[in-house]
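> Starting from these lines, generate the structure:
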Amino acid sequence: MHGTPHIVSDVMTHTVAAIGRKANFKEIVQLMEQWKVSALPVLEGEGRVIGVVSEADLLPKEEFRDSDPDRYTQLRRLSDLAKAGAVTAEDLMTAPAVTVQANATLALAARTMAHAKVKRLPVVDDVGLLEGVASRGDLLKVFLRDDEDIAEEVRREVVSYLFRAPLAPVRVQVYDGVVTLTGRVRDTSLVPVAARLVRAVEGVVDVEFELTGPSGQQER
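Numbering: from 1, shown residues only. You can find the predicted model right below:
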């Protein structure tokens, strides 16, 4: 693929709410409500990210508020019980923070988010200073891309590259992000390669083929 993929800085939120180590529990809850976010980066110094406080870090206080956990629960939920008694960000936060750099691809950010099971990633520079936040919603913005823009990239970066001398013109149609390639090609073994390249185009939801080879047999 010759196209330039979007990177995190293209979609991230630049104006971000954050807290310091000493932020208290109620302040954290109020800030989350005010900014309508599920997590807040914890900063120190000039803005270096040292952790994140999420709703999951706050919930143990309510969960264990009026309970007396047995010995098994105490051993199994040691971290949660510690957070149930915490009152400041430095004791509540998950550290070190899972972060991503602004020049990372959206695919890398999505994999990082999925692996860490988080909804938001602080975006940092080379020395760990906060630059913004990327949320799941931010990463999904690529699927708002116009169908014709997607079709043009598929024609330019995939069809013209793989099917340079088709037996019949390969037509590219895109509807709601689903790409359909129609035509007659000389080498149907390239269809799986085309499928992989088309799916790599940002904004593509799925790809379908109505391509036939020299014998007229259809490939899907």
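
> Contact partners for the most centrally placed residue in the chain?
When CA atoms, centre = their mean is applied to the chain, the residue found nearest the centroid is Ala110 (3.0 Å). The neighbours of Ala110, taking CB atoms under 8 Å, 6 or more residues apart in numbering as the test, are Leu139. From N, CA and C alone the C-beta is placed, and that goes for glycine too.

> can you check the one 5 residues further on too?
With CB under 8 Å, 6+ apart as the criterion, no residue contacts His115.

> Pull up the gap between it and Val98, please.
Applying CB to CB, to the nearest Å, one obtains 8 Å for the distance of His115 from Val98.

> which residues of this protein fall in strands?
19-20, 39-44, 48-54, 100-101, 120-124, 130-135, 168-175, 178-184, 206-212, 218-219 (DSSP state E).

> what's the first one packed up against?
The reference is to strand 19-20. Contacts defined by 3 or more CB pairs under 8 Å, 6 or more residues apart in numbering; DSSP states H and E place strand 19-20 against helix 25-35, strand 39-44.

> Straight-line length of stretch 153-161, end to end?
11 Å (CA to CA, to the nearest Å).

> Can you pull the poorly scored residue ranges out of the chain?
Along the chain, segments meeting pLDDT under 70 span 1-5, 63-78, 80-82, 215-220.

> which residues sit against stretch 25-37?
With contact meaning CB under 8 Å, 6+ apart, stretch 25-37 is reached by 17, 19, 23, 38-40, 53, 55, 58, 61, 86-89, 92, 120, 133.

> just the buried members of the residues you listed?
Neighbour counting with 16 or more other CB atoms under 10 Å marks 19, 23, 39-40, 53, 58, 61, 86, 88-89, 92, 120, 133 as buried within the contacts of stretch 25-37.
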